[in-house]
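Asker: Mind looking at a prediction? Sequence and model below.
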Amino acid sequence: MQHEIFETEQSELDEVDALADRIASSAATVDATMHELLEHIRRFDELEGWARQGAKSCAHWLSWRVGDALGAAREKVRVARALGSLPLLDAAFSSTGHTAARRSSRTWCSCAGAITRWSTRQVSASTAPTAR
């Protein structure tokens, strides 16, 4: 009986390890896709594609076209623009060498100043995870 319990516990531990790996892999995929989305938003905004399609702003267009809440859409446009003016951070964000937690914490910075402060600290930081 005790052997059966051990096998069940080991099986659950194996499943937990596999799930942890899948979660990390999925998070990395989400982060890479978010970076690509932000690049597209930045270029669409630069070309004023939103105006050509009759929207008041890029954020309004995102809200209409993809269903983002207007505040979330504004945030994406701000981050996309900020990343465009910070090429080192933009390159680091797209790098596969960074952990998902570090990329995610960069994604939702609310303004260019916050991104600049964060990037200044991270450029000189070690590769240890910095998520809080």
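Answerer: It's in. Numbering: from 1, shown residues only.
Asker: just checking, A32 touches E39?
Answerer: No: here A32 does not reach E39: they are 10.9 Å apart, not a contact under CB atoms under 8 Å. Where you see a C-beta, it was placed from the backbone N, CA and C, and this is true even at glycine.
Asker: Would you point out the helix or strand in the protein whose mean pLDDT is lowest?
Answerer: helix 100-107 (a mean of 45; mean pLDDT, DSSP states H and E).
Asker: which parts of stretch 37-52 are buried?
Answerer: Using 16 or more other CB atoms under 10 Å as the test for burial, stretch 37-52 gives L38, E39, I41, R42, F44, D45, W50.
Asker: check contacts around the fourth one.
Answerer: Under the criterion of CB atoms under 8 Å, 6 or more residues apart in numbering, the neighbours of R42 are A80, R81, L83, G84.
Asker: picking that back up, just send the buried residues of stretch 37-52 back as a markdown table, with distance to Q10, secondary structure and pLDDT too.
Answerer: Output for the buried residues of stretch 37-52, formatted as a markdown table (distance: CB to CB, whole Å; DSSP: H, G, I helix; E, B strand; the rest coil; pLDDT from 0 to 100):
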| residue | distance to Q10 | secondary structure | pLDDT |
| --- | --- | --- | --- |
| L38 | 42 | helix | 94 |
| E39 | 44 | helix | 94 |
| I41 | 46 | helix | 97 |
| R42 | 48 | helix | 96 |
| F44 | 51 | helix | 98 |
| D45 | 52 | helix | 98 |
| W50 | 55 | helix | 97 |
